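>>> When you get a sec, could you give me coordinates for this:
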Amino acid sequence: MDDVIEIDLRKIFLTLFQFRFWIIGFGLLAGLATFLFFFLQPRMYEATAVVALTKPRYLPNFDPRYQTVSTTTLTNKVAMDIAKSDEIAIYIFDSWNDPDKKLDQRRAFREKNMLVKAGGDSSVINLTIRLESPEEAARLANLWAQRVVERLNTVYSGQDQTQLTFFETQIAVAQQNLRKSESALAEFENRNPVRALQNQLDALILHQQELLWRKQQIELLQREGQALLAEVDNQSGTVPAELQTRLLVLQLRQYDYPTFAENNAASPSYQLALPIASSSQTVGEFRNLVQEWLRTLENQVNDINILLAEYPQNLTQLQTQIEALNQERQRLDLEREVAADTYTTLNRKYQEVRITMDDSAGDAKIASRALPPIRPAPRGTGTYTLVAVMAGVVLAAAFVLIRDWWLQGASSGEIS
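Numbers count the residues shown, from 1 in each chain. All right, here's what the predicted structure looks like:
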């Protein structure tokens, strides 16, 4: 078949053997160039700091009404991304004490001199700095670890200096509000007339009850007077001394009756002498006397009704004033209680945040600080040289084979 390509391995080996010196020489030349390149590179020292990602054992919570929660889990991938972020890389580059550094080397410095690797556990990351100075490498590695821990704790643990400033401002405002509420409450108490108004209300209520009691007594006297008139109507001639005595007793009761405070006391008794014969009265005279006395009682009832008609309005006004003052007092008490509770809660939270500003209370901690390395980092000169020799041999052999194939093709074209 014409489309089958036959490969003559014997010819290939013979061709490679024929140009063996060129192939081996090119490989050695590539290895030598690689060896010289890495050998002449400055010796680099690597300093490594270790950052651990753990949860704090204790979370202070001084006030259960203001709870500290964490809804995001910190992982080493997040920590590695933050460690290689532009802001932190620029900060480390600017902290590098090298007079020959240039601003356009920031990206190269981050890629070549700042190495981030995950540790043996998912909660550990290694931050390595490669520099010619071992002391500077250790210093930058520790500075880098400190910066990463601060940023992680700021983002995930809330350890931010601005939080202290925020709570200090809020505490100052809460303290000012508390002082205002206390001053307002003290001023209200100084001018609060609720006790005087309550005394007036109690006195009015007592007086009203006494008037009602007096009206009740007078109405009782009126009924007894009407009964006395009914008995007089059955008499003729002169009125008996017994009826005159009863009228005298009723008249005395009109002006001498128990007060409201003594309404349960027994009625006083009187010893009255019987009227003499010359004091006898006719039925008409006695009737006129009783009717005049009943009109007096009616006038007293009318006067009491007039006084009682004014009491509802007066009582309502006093009760309204007292209720308004009590509501004002309750409002001021509530404002003071809320202000005091707010101030106490914010102050406790401020103390909690201030305590948790320590690195040991955050999610990220420096597990191990970097020390100045004693030996430089291996440059891998032998490995890279061996790889370069092998790559040079392969490239040279490929070049020889391609060249031989090309020459054979050109020769075949000329013959045909």
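>>> where in the stretch 201-350 of the chain is pLDDT low?
Along the stretch 201-350 of the chain, segments meeting pLDDT under 70 span 256-280.
>>> If we use 50, what do you get?
For the stretch 201-350 of the chain, the stretches flagged by pLDDT under 50 are 258-278.
>>> got the residue ranges for the helices in it?
Using DSSP state H, counting those that start in this stretch, the helices of the stretch 201-350 of the chain run over 241-255, 283-355.
>>> So which of these is nearest residue 13?
For the helices of the stretch 201-350 of the chain, the distance to residue 13 is smallest for helix 283-355, at 78.3 Å, taking C-beta to C-beta. (Glycine included, C-beta is placed from N, CA and C.)
>>> That closest one: what's the following helix or strand?
strand 364-368 (DSSP states H and E).
>>> Show me what the next helix or strand after that next one is packed against.
Per DSSP H and E, strand 364-368 leads on to helix 381-415 as the next helix or strand towards the C-terminus. With contacts defined as 3 or more C-beta pairs under 8 Å, 6 or more residues apart in numbering; DSSP states H and E, helix 381-415 has these neighbours: helix 9-18, helix 20-39.
>>> To residue 90, which of those helices lies closest?
Nearest to residue 90, of the helices and strands packed on helix 381-415 and by C-beta to C-beta, is helix 20-39 at 29.5 Å.
>>> Tell me the helix or strand right after the helix or strand harbouring residue 94.
Counting by DSSP H and E, the element that carries residue 94 is helix 86-95. Remark: after helix 86-95, the chain's next helix or strand is helix 106-108, criterion DSSP H and E.
>>> which parts of that following helix are buried?
For helix 106-108, a neighbour-count test (16 or more other C-beta atoms under 10 Å) marks residue 106 as buried.
>>> List the contacts of that helix.
89, 90, 93 (C-beta atoms under 8 Å, 6 or more residues apart in numbering).
>>> after the helix or strand containing residue 153 comes which helix or strand?
Per DSSP H and E, residue 153 falls inside helix 134-156. Counting by DSSP H and E, the next helix or strand C-terminal to helix 134-156 is helix 161-191.
>>> ok, now how distant is residue 95 from residue 284?
When distance is defined by C-beta to C-beta, to the nearest Å, residue 95 is 129 Å away from residue 284.
>>> Can you pick out the residue with more neighbours from these two?
The residue with more neighbours, out of residue 95 and residue 284, is residue 95; 13 against 10, by other C-beta atoms under 10 Å.
>>> Do you know the pLDDT at the more buried one?
Residue 95 is assigned a predicted lDDT (pLDDT) of 90.
>>> Hmm, it is touching residue 143, no?
Yes. Between residue 95 and residue 143 a contact is recorded at 5.8 Å, counting by C-beta atoms under 8 Å.
>>> and residue 47, how many neighbours does it have?
Close neighbours of residue 47, defined as other C-beta under 10 Å, add up to 26.
>>> Which positions in stretch 18-27 come out as buried?
19, 23, 26, 27.
>>> Next, find the distance separating the closest residue to residue 152 other than its chain neighbours from residue 87.
Leaving aside its chain neighbours, residue 152 sits nearest to residue 364 (3.8 Å; criterion: C-beta to C-beta, 6 or more residues apart in numbering). Per C-beta to C-beta, residue 364 is found 16 Å from residue 87.
>>> got it, and residue 184?
Residue 184 is 49 Å from residue 87, by C-beta to C-beta.
>>> More neighbours: the two, which one.
Applying other C-beta under 10 Å to residue 184 and residue 87 shows that residue 184 carries more neighbours, namely 15 against 10.
>>> I'd guessed the more buried one sits against residue 333; true?
No. Applying C-beta under 8 Å, one finds residue 184 not in contact with residue 333, separated by 10.5 Å.
>>> Residue 147 - how many residues pack around it?
As a burial measure, residue 147 scores 18 neighbours (other C-beta under 10 Å).
>>> Then residue 385?
Using other C-beta under 10 Å, residue 385 is surrounded by 21 other residues.
>>> Let me see the confidence value for it.
Looking at residue 385, its pLDDT stands at 82.
>>> For it, give me its contacts.
Neighbouring residues of residue 385 by C-beta under 8 Å, 6+ apart: 31, 32, 34, 35, 38.
>>> mind running it again at 6 Å?
Listed by C-beta atoms under 6 Å, 6 or more residues apart in numbering, the contact set of residue 385 reads 31, 34, 35.
>>> Could you measure from it over to residue 35?
For residue 385 relative to residue 35 (C-beta to C-beta), the value is 4 Å.
>>> One more: residue 290?
Residue 290 is 150 Å from residue 35, by C-beta to C-beta.
>>> Leaving out chain neighbours, which residue sits closest to residue 214?
residue 304 (6.4 Å).
>>> Near the one you found, how many residues? Count them for me, please.
Around residue 304 there are 17 residues (other C-beta under 10 Å).
>>> Cross-check the contact I'm expecting between it and residue 213.
No. Residue 304 lies out of contact with residue 213 (C-beta atoms under 6 Å); the separation is 10.2 Å.
>>> mind checking how far residue 83 is from residue 364?
Distance of residue 83 to residue 364, given as C-beta to C-beta: 10 Å.
>>> no no, residue 340
37 Å.
>>> likewise residue 30?
If you measure residue 30 against residue 364 using C-beta to C-beta, the figure is 46 Å.
>>> now do residue 229
For residue 229, the distance to residue 364 (C-beta to C-beta) stands at 108 Å.
>>> Compare those two (neighbour count), which wins?
Shown here are residue 229 and residue 364; by other C-beta under 10 Å, residue 364 has more neighbours (27 against 13).
>>> Next up, the contacts around that one.
Neighbouring residues of residue 364 by C-beta under 6 Å, 6+ apart: 53, 149, 152, 153.
>>> next one: residue 297
Residues near residue 297 by C-beta under 6 Å, 6+ apart: 218, 221, 222.
>>> Residue 44: neighbour count?
Around residue 44 there are 19 other residues, counting by other C-beta under 10 Å.
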